[in-house]
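Enquirer: Any chance you can model this:
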Amino acid sequence: MKNLMIFLLAMANFQLHAFVTLGSDNSCDYNTSQHSLQDLIDISAGTEIRVTNQNTLYENIEISSPLVIKGGYANCSHADADIVSGTKTVLDGGTTNSVVEISGFSNHISVGLHHLHIKNGMKSGSNSGGGFSIIDFDDVGVSVSIYSSLISNNTGGFGGGIYFNSDFGGVSLYQTTVLNNQATDNGGGISCYGGSVHVGNGSGVILNDVYNVSLDYGNGGGIFAAGGCNVSVMSGTSGSLFDFKGVAGNSASNNGGGIYATSGASVTLSSIAHDEVININGNAADSDSNSIGNGGGIYLTGQDTSAAMYGVLIKENFAQSGGGVAVENGASLYLGKYMGVACWNDNLCNEFVGNGTSKNNGLGGAIYLNAGHVDMQYSTFHQNRAESGVVMYAMNSATAKLRNSFVYNNGLNGADGWNDVFTLRFHDSGLILNHVTLANNLVSGASIRQNSGYYSYTNSIIREPHVGLGADITNIFGAEDCLLLHNDTGFDNLTNSMVANPYFVDEGNHDYRLSAISHAIDMCGDDAHTLPRDFYGHEMWDDPNFINDQGIRDAGAHESYMGDVIFSSAF
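Expert: Numbers count the residues shown, from 1 in each chain. Model (predicted):
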């Protein structure tokens, strides 16, 4: 009987309509009392199907050809006029399968979905997403765009909300939230193998979870990316988790509470397109507290795996090690301004704040490097906590370059169960500091602890009255040039440096810009690592009130213009 009905529908719609409507009132082309959404897809009733929100559709639909599905219409008259209400059309998978499966196509297809609530999907095993399973078996390409939708309360093996597998094409989210989904293998919110995932303006991956007792799984609470998948996040907020933007509140029993990237995947977080900070906040790795699980916010692993971040807020993430970010096994991270100049806010481009590790041998409150590599510029680090390496811990031939950045008020003198030993802890690894201001970190041991590897500390301020010991360096010999220090104990090769008060603008309130009388002004020259502009985007300036020491560059992250009457009078 159903086959006959479909045949009659097909005959009635022999000529393809631009769009058809599906709902429960008399003005609808098709009524939900007689026809399902899948019926209309099967007969190719139209290249666009408009569905009212009059009823919840309990379906598991399959798409194998180009199609647009639009929901959110109060009735079919509104659907005809394309007038969208504030209520999304609900597709409920009934916990029997993926709510939407896109597969079985032999040529590249594009699918658009608007104003839908995808919920209660459930699918386990390989190629299995709870909300969406998007599978390009023939590698011909598939592009899926999801607008103004909610993907929630789904469960999948790989990708609680979305599973995407294609070497060509991708899935893009706009004003869409992936919320409260669960995975049993990898990718609580989204799993991507090849192709791309784009989290666009107004979108968020929020409160998703992955749990698995095996060490091979349980990765990527928010997003899991592998096989060369390119992940881009261009949506964010400096507000609360309940703004539902960015990557927030996700958890993983193993690595990568927010994002996990491996096997040549790349991650780009960019604030440029919409002039808003990209937030990675409130995520947790090692959610089962078994002391295995690094990278609370982001975890990167593998030689060809990389991330680039331009304007990010990495805040209050937690893990066994690498509360904010963990970079391991040859992976790399770049953090700075886009093209060296563009960021959502010149005064606060990239920020690591309030990230923490386990209180049981947790390493690297903000960043943990295990044979990983980072190049960081125009960044601030404060209020991070760890057992050792309160800001950064590196081992196994890792490398780190930190320039034009502020590091202050990290640690809390061992309060609340953390040891808070060393601000920067490097073992058998390389560290380059250039135009960095380290100040008033509440740690013990030394501000910098480094044994073996290599280092270059230049054109920087290290003012650590709470620590006492500026550096603890063993089995290594490197450059220590043009440093303004609170205490030179522990440094072995100082040149063109001094012990003096830097006279910050307001040290008590953590304003570490240089005042007009600072000894750091015009103290330094250029070296191989210097950038053309300071933390705030100011060009280098020769203050006529100071006799140049080694050059016109100021030590630390800030180039002072306080001696410029025209500049200072403008504030």
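Enquirer: Below-threshold pLDDT in the stretch 1-150 of the chain: ranges please.
Expert: Counting by pLDDT under 70, the ranges of the stretch 1-150 of the chain that qualify are 1-17.
Enquirer: Helices of that one, residue ranges please.
Expert: Taking DSSP state H, counting those that start in this stretch to define them, one finds helices in the stretch 1-150 of the chain at 2-12, 37-42, 76-81.
Enquirer: give the contact list for Ile109.
Expert: 64-66, 102, 141-143 (CB atoms under 8 Å, 6 or more residues apart in numbering). (C-beta placed from N, C-alpha, C; glycine too.)
Enquirer: do the same with Val111
Expert: The neighbourhood of Val111, defined by CB under 8 Å, 6+ apart, consists of 63, 66-68, 102, 142-145.
Enquirer: Can you tell me how far it is from Thr474?
Expert: Look at Val111 and Thr474: by CB to CB, to the nearest Å, they are 59 Å apart.
Enquirer: cool, Gly170 as well?
Expert: Distance, Gly170 to Thr474, using CB to CB: 49 Å.
Enquirer: can you check Trp418 too?
Expert: Using CB to CB, Trp418 is found at 24 Å from Thr474.
Enquirer: So between those two, which is more surrounded?
Expert: Set Trp418 next to Thr474 and count neighbours by other CB atoms under 10 Å: Trp418 wins out with 23 against 10.
Enquirer: now the strands for the stretch 451-571 of the chain?
Expert: 471-474, 479-485, 494-495, 498-499, 504-506, 511-514 (DSSP state E, counting those that start in this stretch).
Enquirer: from those strands, which stretch is densest packed?
Expert: Mean neighbour count, computed with mean count of other CB atoms under 10 Å, is highest for strand 479-485 among those, reaching a mean of 24.
Enquirer: residue contacts, the residue nearest in space to the middle of the chain?
Expert: What sits nearest the mean C-alpha location of the chain, by CA atoms, centre = their mean, is Ile280, with 4.8 Å. Each residue near Ile280 by CB under 8 Å, 6+ apart is listed here: 246-248, 258-259, 269, 297-298, 312-315, 317, 324.
Enquirer: Tell me the one of the residues you listed nearest Gly188?
Expert: Proximity of the contacts of Ile280 to Gly188 (CB to CB) peaks at Gly258, which lies at 10.0 Å.
Enquirer: Can you tell me the closest non-neighbouring residue to that closest one?
Expert: Excluding its sequence neighbours, the residue lying closest to Gly258 (CB to CB, 6 or more residues apart in numbering) is Asn283, at 3.7 Å.
Enquirer: And for the one you found, the neighbour number?
Expert: Asn283 is flanked by 34 other residues according to other CB under 10 Å.
Enquirer: hey, C-alpha coordinates of stretch 393-402 in PDB?
Expert: What follows is stretch 393-402, C-alpha atoms only, in PDB (Å, rounded to 0.1, in the frame of the first residue of the first chain):
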ATOM      1  CA  TYR A 393      55.800  22.500  31.300                       C
ATOM      2  CA  ALA A 394      57.900  21.000  28.600                       C
ATOM      3  CA  MET A 395      59.800  17.800  28.100                       C
ATOM      4  CA  ASN A 396      61.200  15.300  25.600                       C
ATOM      5  CA  SER A 397      62.800  17.800  23.100                       C
ATOM      6  CA  ALA A 398      59.800  20.100  23.000                       C
ATOM      7  CA  THR A 399      60.300  23.700  21.800                       C
ATOM      8  CA  ALA A 400      58.600  26.900  22.900                       C
ATOM      9  CA  LYS A 401      58.900  30.500  21.700                       C
ATOM     10  CA  LEU A 402      57.100  33.100  23.700                       C
END
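Enquirer: Please report how far the residue lying closest to Cys28 once chain neighbours are set aside lies from Ile43.
Expert: Spatial nearest neighbour of Cys28, excluding adjacent residues (CB to CB, 6+ apart): Cys76 at 3.9 Å. According to CB to CB, Cys76 stands 18 Å off from Ile43.
Enquirer: that older thread, return the subset of the contacts of Ile109 lying in strands.
Expert: Among the contacts of Ile109, DSSP state E puts 102, 142-143 in strands.
Enquirer: Quick one, grab the pLDDT at His466.
Expert: Per-residue pLDDT puts His466 at 89.
Enquirer: I figured it was touching Leu442, is that so?
Expert: Yes: counting by CB atoms under 8 Å, His466 does reach Leu442; the two are 5.3 Å apart.
Enquirer: ok, back up a step: can you add distance to Met540 and mean pLDDT and give the strands of the stretch 451-571 of the chain back as a markdown table?
Expert: Formatted as a markdown table, the strands of the stretch 451-571 of the chain follow (distance: least, CB to CB, whole Å; pLDDT from 0 to 100):
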| stretch | distance to Met540 | mean pLDDT |
| --- | --- | --- |
| strand 471-474 | 27 | 94 |
| strand 479-485 | 14 | 96 |
| strand 494-495 | 21 | 96 |
| strand 498-499 | 20 | 96 |
| strand 504-506 | 19 | 96 |
| strand 511-514 | 13 | 95 |
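Enquirer: Nearest to Ala555 among those strands would be which one?
Expert: Nearest to Ala555 among the strands of the stretch 451-571 of the chain is strand 479-485; the distance by CB to CB comes to 4.7 Å.
Enquirer: helices or strands next to that closest one in the packing?
Expert: Contacts defined by 3 or more CB pairs under 8 Å, 6 or more residues apart in numbering; DSSP states H and E place strand 479-485 against strand 448-463, strand 494-495, strand 498-499.
Enquirer: and if we set it to 7 Å?
Expert: Here strand 479-485 touches strand 448-463, strand 494-495, going by 3 or more CB pairs under 7 Å, 6 or more residues apart in numbering; DSSP states H and E.
Enquirer: Just name the most buried of the ones you listed.
Expert: strand 448-463 comes out most buried of the helices and strands packed on strand 479-485 by mean count of other CB under 10 Å, with a mean of 23.
Enquirer: So for Val233, which of the strands of the stretch 451-571 of the chain sits nearest?
Expert: With CB to CB, the closest approach to Val233 among those belongs to strand 511-514: 29.4 Å.
Enquirer: more neighbours, Cys76 and Ile43?
Expert: Neighbours were counted for Cys76 and for Ile43 using other CB under 10 Å; Cys76 has more, 24 against 20.
Enquirer: Dump the helices and strands packed on strand 479-485 into a markdown table; add distance to Asp80 as well.
Expert: Output for those, formatted as a markdown table (distance: least, CB to CB, whole Å):
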| stretch | distance to Asp80 |
| --- | --- |
| strand 448-463 | 66 |
| strand 494-495 | 78 |
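Enquirer: Select, out of those strands, the one closest to His382.
Expert: strand 448-463 (14.4 Å).
Enquirer: mind listing what Thr47 touches?
Expert: With contact taken as CB atoms under 7 Å, 6 or more residues apart in numbering, Thr47 is in contact with 16, 18, 66-68.
Enquirer: which of those residues are buried?
Expert: 66-68 (16 or more other CB atoms under 10 Å).
Enquirer: Quick one: closest of the helices and strands packed on strand 479-485 to His115.
Expert: His115 lies closest, by CB to CB, to one member of those: strand 448-463, at 52.6 Å.
Enquirer: Quick one: mean pLDDT over the closest one.
Expert: For strand 448-463, mean pLDDT is 96.
Enquirer: so how far is that strand from its chain's centroid?
Expert: Computed by CA atoms, centre = their mean, to the nearest Å, the chain-centroid distance of strand 448-463 equals 28 Å.
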